[in-house]
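J.: Build me a structure from this.
(chains A and B)
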Amino acid sequence: MALIGTSLIYISLVATFYALIASLIGVKIGNNKLSLSSRNTVLLLAVFLLAATLILVISFVNNDFSIRYVSNHSSLAMKPIYTWVAFYAGNEGSLLYVVVVFAVMCAIYNMSKSSKTLKGTNIILMAIMGFFVLILSTLANPFVENIFIPDDGRGINPLLTHPGMFFHPPMLMAGLIGTAIPFAIVNGLLITKTNIDEQIDVIRVWVIIIWAILAIGLLLGSWWAYTILGWGGYWAWDPIENVALMPWLTLTGFLHSIMAQKRRGVFRIWNIVLIDIAFCLSLFGIFINRGGPVPSVHSFASSDLGWILLLFMFVALLFSIVVLTSRLKFVKSSNEIESILSREASFIYNNILLLGVTFVTFWGVIYPLISDITQGKTVTVAAPFYNQINGPLLLTLLALMGIGPLLPWRNSSVKTLLLAIRLPAIFSILLTLLLIILGITKIYPLISFFICSFVLICIIREFISGTIIRIKHGENVFVAFINFISSNRPRYGGYIVHVAIILLAIAVTGSSFYKLQKDIVLSKGEQTEIGDYTVQYIDSNTVKYSDRSELFHDLKVEKNNKTHDIVSWQAFYPKQNVTTVRAAIISTLLHDVYIISTETTENEEVVFRMTINPLIWWMWLAGPILILGSFIALWPEKSKEQEYL
Amino acid sequence: MAACPLHSKRVSKVAYSKLSTFLETFSCIKNNINLNKSLILLCLLFATSCTNQETSEEIAQRIDRSLMCPVCPAETLDQSQSELAKQMKSVIREQLSDGKTDQEIINYFVLRYGEEVLSSPPKAGSNLFAWITPVIILILITLIISIKLLKKSIVTKNEI
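T.: From the prediction side, this is the model:
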């Protein structure tokens, strides 16, 4: 079995290099047959790698401990379903996963119509693929065999047995490697001196998909951290979180400025720079993930792999710079920005803010290394740094999200703008006064809620007026609304995504500034109070399994004579000496009651952390709304649908 | 009032007259710029006049978040569940009840564990560089671009 797996990887390596050379020569001498051959090889490549994946999966399911990766990441006691997460639990498996996903994406691209005309893309795709498959076959082969076959495996990391772990890592890794596709398309167009403006829609669709995958990956990570890590938070500005965030922010900037390129032919060079940065940041992320030099709660098995990835990132960076500078004249924008009060200008500020947050985050991640080199000591950069600098930046971005769409293209006047913001601003001021009366008096959340309400009202206003016009033409309200959204899908799909961002902002504001937290030790029957709730610790049960013991704490939570019976859960894995926890959560629209047990003392008392987290539920609602908005935004125009299928 | 969609619906006369009075007040507010400005002022007054007293536990939790657990990889005291973190947390609360200020407590830990125990670089000395650099770069870039855009706007305005 292991032999077949290894062979498939070597075959994939050969296929990759063939496809690379064929596409390269095909472009150089203008031979279409070679280009076609390379396209077909890419499809074959996906098949080979999927086959290798299947073999690894079968090995896990059959508990084939002759394979070292299988014995390191599973055990006889592990339920077969966890093969899914065990697959990418370690270095070799996660690398194989990245390669397979990348291969499937390349195959999908090569089946699309645009790949027939864009011949340069495969050169770059196969070069990147070649690098990863080379590592897979030499340094990180998942099919390496054990010298002595153990009776049982080491078991899976218990932290991975949470449902969120089935989707969060694969989505993030898919999103990160996915940035290679637009990177290859854009640079392929530059190399072959093909007109980029005509391909904007193709690039845009790929970027939206990758962007949405990254967004969901990030949200799922937050959800996982919230329910399983036990400190009641969802984002810690941990280096691994940051390196996934940075490409996403860069792509967000791209999705906005590309609209200006589409509409007015501006930002041509800048948009290419954004795609290049996004891909390099993704490589940086994969590097940090693999035993990079920065400590994190997330780090994978440490290995030399990290530094090779860093080297590859510099190669990619150098490549991007060389390609862009050699094609500058070809790519230069024909039009110019005419006014600071224009949609184009608002996208400039949008990009400044997004790239600003990206830069601040990047700075925070590498500063410990800088301080180590310059001062000899490692300075820690954690949440307070990022919150204090990125907070105001993101808040400004939020405000821009409301004002930007109100600005027309090319030029506008202050008077027009003031007229447009008057109604939403007044409503938002009244709402803010209402919040103050209700007791919300901290300045930061007030500003945030003011801005959120402003943006929301602007969007709702545009939705309502657009729908009403169609109602007047005889359509009923539902049909009118759907047709209205459909009439400009990029714009209104984008607005729906903005709504999701507002929900996210509301959740972050509420939980950041009005969280109540209490760490307390309770004995059986004892009760305590938090917020308006009374929490009583009733009893505990232990259930023993072969690989772990689970501890359940029954709790009774009461408010205004309404009682909830909830259970907080802990599991201890003696073999790996790891404890995992699951929070007991009562979720309402206004807040979460969140209780987690962290340990039991000798006197059978239990240490609980209890928090009241305002508005958290809205964060999770943002996810589906974001997917919906992305889906609408990428749906092509009816006349062009044929081109993509 | 201009054509009102409510006309076509069956709303009782009383409710409608109440609504129109309400809306008239609204358009009055809308048209009165001075009132808008004073509303904003009122808003800010309310917001800044209210002082927020932190409880002792809230201060303690804030300190928890400002210090890293010395033995854990990249976790603050607030996040960590290690023995040392728990001990440090109880020391913090002890010192708070003794009347020490948050800065004194933080200095106490820096003395014992070095500056690495801080969860973000101190805003002083050589590490001010950490805070200032990104902010200054951002401000510079924003200024340069804004000036360029304003110049373009003036040119455009003159052309019209």
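J.: C-alpha from now on. contacts and neighbour counts both.
T.: Will do.
J.: Run a quick neighbour tally on the closest residue in space to A:Ile340 that isn't next to it in sequence.
T.: Using C-alpha to C-alpha, 6 or more residues apart in numbering or on different chains and skipping residues adjacent in sequence, the residue nearest A:Ile340 is B:Leu149, 5.2 Å away. By other C-alpha atoms under 10 Å in any protein chain shown, 19 other residues sit near B:Leu149.
J.: Surely B:Leu149 touches A:Ser339?
T.: Yes - at 6.2 Å, B:Leu149 counts as touching A:Ser339 under the criterion of C-alpha atoms under 8 Å.
J.: anything in contact with each of those two?
T.: Common neighbours of B:Leu149 and A:Ser339 are listed as A:Ala345 (criterion: C-alpha atoms under 8 Å, 6 or more residues apart in numbering or on different chains).
J.: Could you list the low-pLDDT ranges of chain B?
T.: Low-confidence segments of chain B, defined by pLDDT under 70: B:1-53, B:160.
J.: what do you get if the cut-off is 90, keeping everything else the same?
T.: By pLDDT under 90, the weakly predicted segments of chain B are B:1-62, B:64-66, B:68-87, B:89-90, B:93-104, B:106-107, B:110, B:112-130, B:152-160.
J.: need the helices for it, in chain order.
T.: Counting by DSSP state H, one finds helices in chain B at the ranges B:13-31, B:33-49, B:56-66, B:83-97, B:102-113, B:128-159.
J.: List the buried residues of the helix or strand encompassing A:His553.
T.: Using DSSP states H and E, A:His553 sits in strand A:549-559. The neighbour-count check on strand A:549-559 (16 or more other C-alpha atoms under 10 Å in any protein chain shown) flags A:Glu550, A:Leu551, A:Phe552, A:His553, A:Asp554, A:Leu555, A:Lys556, A:Val557, A:Glu558 as buried.
J.: what about it, distance to the chain center?
T.: 33 Å (C-alpha atoms, centre = their mean, to the nearest Å).
J.: got it, and stretch A:460-471?
T.: Centroid separation between stretch A:460-471 and its chain, computed with C-alpha atoms, centre = their mean, is 33 Å.
J.: Pull out the CA atoms of that stretch and give them to me as CSV.
T.: Below are the C-alpha coordinates for stretch A:460-471, written out as CSV (Å, rounded to 0.1, in the frame of the first residue of the first chain):
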residue,chain,number,x,y,z
ILE,A,460,-31.6,49.2,3.6
ARG,A,461,-32.6,52.5,2.1
GLU,A,462,-31.1,51.5,-1.3
PHE,A,463,-32.8,48.1,-1.1
ILE,A,464,-36.2,49.6,-0.3
SER,A,465,-36.1,52.4,-2.9
GLY,A,466,-35.0,49.9,-5.6
THR,A,467,-37.7,47.4,-4.7
ILE,A,468,-40.4,50.0,-4.5
ILE,A,469,-39.6,51.2,-8.1
ARG,A,470,-40.2,47.7,-9.3
ILE,A,471,-43.3,47.2,-7.2
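J.: and that stretch with chain B, contact?
T.: No - judged by C-alpha under 8 Å from any C-alpha of the partner chain, stretch A:460-471 makes no contact with chain B; its nearest approach is 10.6 Å.
J.: Pull out the buried positions in that stretch.
T.: Across stretch A:460-471, burial judged by 16+ other C-alpha under 10 Å covers A:Phe463, A:Gly466, A:Thr467, A:Ile468, A:Arg470, A:Ile471.
J.: Closest one of these to chain B?
T.: A:Ile468 (10.6 Å; C-alpha to the nearest C-alpha).
J.: how about the closest one, what does it touch?
T.: A:Ile468 touches A:Val477, A:Ala480, counting by C-alpha under 8 Å, 6+ apart.
J.: Distance of it relative to A:Gly391?
T.: Per C-alpha to C-alpha, to the nearest Å, A:Ile468 is found 37 Å from A:Gly391.
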